[in-house]
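K.L.:
coordinates for the following, if possible.
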Amino acid sequence: MSALLNGRRLRATRPLHFFRPDGPMPDALELALTILAELGPAAEMLSELRDRVRRVEEERAAERQRTGGRVHGRRAVLAQSWRGQPASHEPRRNLRPRIATRSPWARLEALLRDRAFAVDYADAGACWKDGAAAVFPPRTYWLQRFASVPIREA
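P.N.:
Numbers count the residues shown, from 1 in each chain. Predicted coordinates for the structure are as follows:
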C-alpha cells in the first residue's frame, strides 16, 4: 500500500528456485498502481485511504493498549514453528451454511424436508442392499445415474 500512497512502482523478481534460468519468464516485472478514474480524483482517494488506514491503526493501537497485546516483529514471526497452530478455536455457529435463511419457518421446513429425505434414502438403501425392490426418493442423483436405480416421482 505504501507504493500506492507514495507513487512508487512495485518490482517483483523471479525466484531462482522455481523457474528455469533460461525459461520464458522475465527476470523482473514492475507494476504501477493507480486509482481508477471512476473512483474520483486520485488525490482525494489517496487522502481518504490515508485517513482510513490511520484511523484503523489508531483503533488497533488503543485495543492493544487496553488488552496488553503486542505486535510481533520480524524475528518473532520467523521464530515461530511452521507446524504451529492457534491455541484458540473459533466459536461454532448454530446455523449450518447449507440451510441458512432469515425466516425460521423456511429453515424449519428445509430441515424437515432434508430429514424426510435421509429417512427415505436409508430405507430404500437397506432394501436395495438386501436385494429387494427399492424406489429411491427424488434427489438421488448418483445412484440414478451410475446404478440405474428407480426414483420415486416428486
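K.L.:
most remote residue from the middle of this structure, which is it?
P.N.:
Within the chain, Ala132 marks the point farthest from the mean C-alpha position, 44.3 Å out by CA atoms, centre = their mean.
K.L.:
check what pLDDT it gets.
P.N.:
Looking at Ala132, its pLDDT reads 91.
K.L.:
ditto for the one 4 residues further on
P.N.:
If you check Phe136, the pLDDT there is 95.
K.L.:
all strands of the protein, in order?
P.N.:
Using DSSP state E, the strands of the chain run over residues 9-13, 28-32.
K.L.:
circling back: next one: phi and psi at the residue farthest from the centre of the chain?
P.N.:
phi -80, psi 160 (degrees, to the nearest 10).
K.L.:
where exactly do the helices run in the protein?
P.N.:
2-6, 42-67, 74-79, 104-129, 141-146 (DSSP state H).
K.L.:
need the strands of the chain in a markdown table (columns: distance to Ala116, mean pLDDT and mean neighbour count).
P.N.:
From N, CA and C alone the C-beta is placed, and that goes for glycine too. Listed next are the strands of the chain as a markdown table, based on distance: least, CB to CB, whole Å; pLDDT from 0 to 100; neighbours: other CB atoms under 10 Å:
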| stretch | distance to Ala116 | mean pLDDT | mean neighbour count |
| --- | --- | --- | --- |
| strand 9-13 | 55 | 93 | 10 |
| strand 28-32 | 55 | 94 | 10 |
